[in-house]
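**Student:** Just a sequence and a predicted model for now, questions to come.
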Amino acid sequence: MKYQVNIDDSTVELTEEMVQSLNTLATDSGEIHLLQDNKSFKVNLLHADWNNKTMTLEVNGEKFDLKIEDEYDQLVKKMGLDISGKQTLKNIKAPMPGLVLDILVKPGQTIQEGDQLLILEAMKMENVLKATGEGVVKSIEVKKAAAVDKGQVLIEME
């Protein structure tokens with residue numbers, strides 16, 4: 001498996017083998033000692049958001065913000081299916097043709113950024129559509145088990 005790690009403004013690609021080859025030792029204090037290419041590093045995990053695959057590390061006293069993308073995340077982005085940048089709060093549209101598996105919100109419900117709205121099956125994969133901001137659901141324009149076309153309005157927001 002290949003990973004793409006975005007560190008501040010830089011991008012590093014890692015393979016499973018590269019990660020496995022790291023020589024690490026965890027201490028009782030939670031600090032990790034890392035040895036790579038005969039160089040020693042002290043690593044502390046300051047913050048992690050596993051849902052969004054982000055973390056803040058302190059390496060030898062310097063802080064780094066990381067965003068990790070696995071092969072699935074990279075494929076979704078490459079195919080243009082990264083819905084986070086394509087939706088507006090007025091109308092949530094289908095990013096691809098598919099089948100509505102589940103509707104996770106109701107009219108009148110207040111949502112926050114990142115809330116799950118709907119599950120759409122496309123190409124034998126379940127895709128969770130999430131809110132890109134705050135708002136109130138005005139209406140649900142589709143029913144569960146309905147086939148939808150790309151660009152079709154699924155949820156109208158106030």
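**Tutor:** Thanks, I have it.

**Student:** List the contacts of Met123.
**Tutor:** Applying CB atoms under 8 Å, 6 or more residues apart in numbering to Met123 gives the contacts Met96, Gly98. For every residue, glycine as well, the C-beta is placed using N, CA and C.

**Student:** ugh, wrong one, Leu45
**Tutor:** The neighbours of Leu45, taking CB under 8 Å, 6+ apart as the test, are Gly30, Ile32, Met55, Thr56, Leu57.

**Student:** Now intersect those residues with the strands, please.
**Tutor:** Among the contacts of Leu45, the ones falling in strands (DSSP state E) are Ile32, Met55, Thr56, Leu57.

**Student:** Apart from its chain neighbours, what residue comes closest to the second one?
**Tutor:** Yep, that's Met55 we're talking about. Spatial nearest neighbour of Met55, chain neighbours left out: Ala48 (4.2 Å); criterion: CB to CB, 6 or more residues apart in numbering.

**Student:** Quick one: name whatever helix or strand follows the longest helix along the chain.
**Tutor:** As assigned by DSSP state H, the longest helix anywhere in the chain is helix 71-78. For helix 71-78, the succeeding helix or strand toward the C-terminus, using DSSP states H and E, is strand 91-93.

**Student:** Can you tell me which of the contacts of Leu45 is nearest Ile111?
**Tutor:** Met55 (25.6 Å; CB to CB).

**Student:** bridging residues for the closest one?
**Tutor:** In this entry, Met55 is beta-bridged to Ala48, Leu66, by DSSP bridges.

**Student:** With His47 as the reference, measure out to Lys63.
**Tutor:** Counting by CB to CB, to the nearest Å, the gap from Lys63 to His47 is 10 Å.

**Student:** Need the residues touching each of the two.
**Tutor:** Taking CB under 8 Å, 6+ apart as the criterion, Lys63 and His47 both touch Thr56.

**Student:** With only the CA atoms kept, save the lowest-mean-pLDDT helix or strand in the chain in CSV.
**Tutor:** Least confident helix or strand of the chain, by mean pLDDT, DSSP states H and E, is helix 71-78 with a mean of 82. These are the backbone C-alpha positions of helix 71-78, laid out as CSV (Å, rounded to 0.1, in the frame of the first residue of the first chain):
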residue,chain,number,x,y,z
GLU,A,71,-4.5,4.7,-1.9
TYR,A,72,-8.3,4.9,-1.6
ASP,A,73,-8.1,8.6,-0.7
GLN,A,74,-5.8,9.3,-3.6
LEU,A,75,-8.0,7.4,-6.1
VAL,A,76,-11.1,9.3,-5.0
LYS,A,77,-9.3,12.6,-5.5
LYS,A,78,-7.8,11.5,-8.9
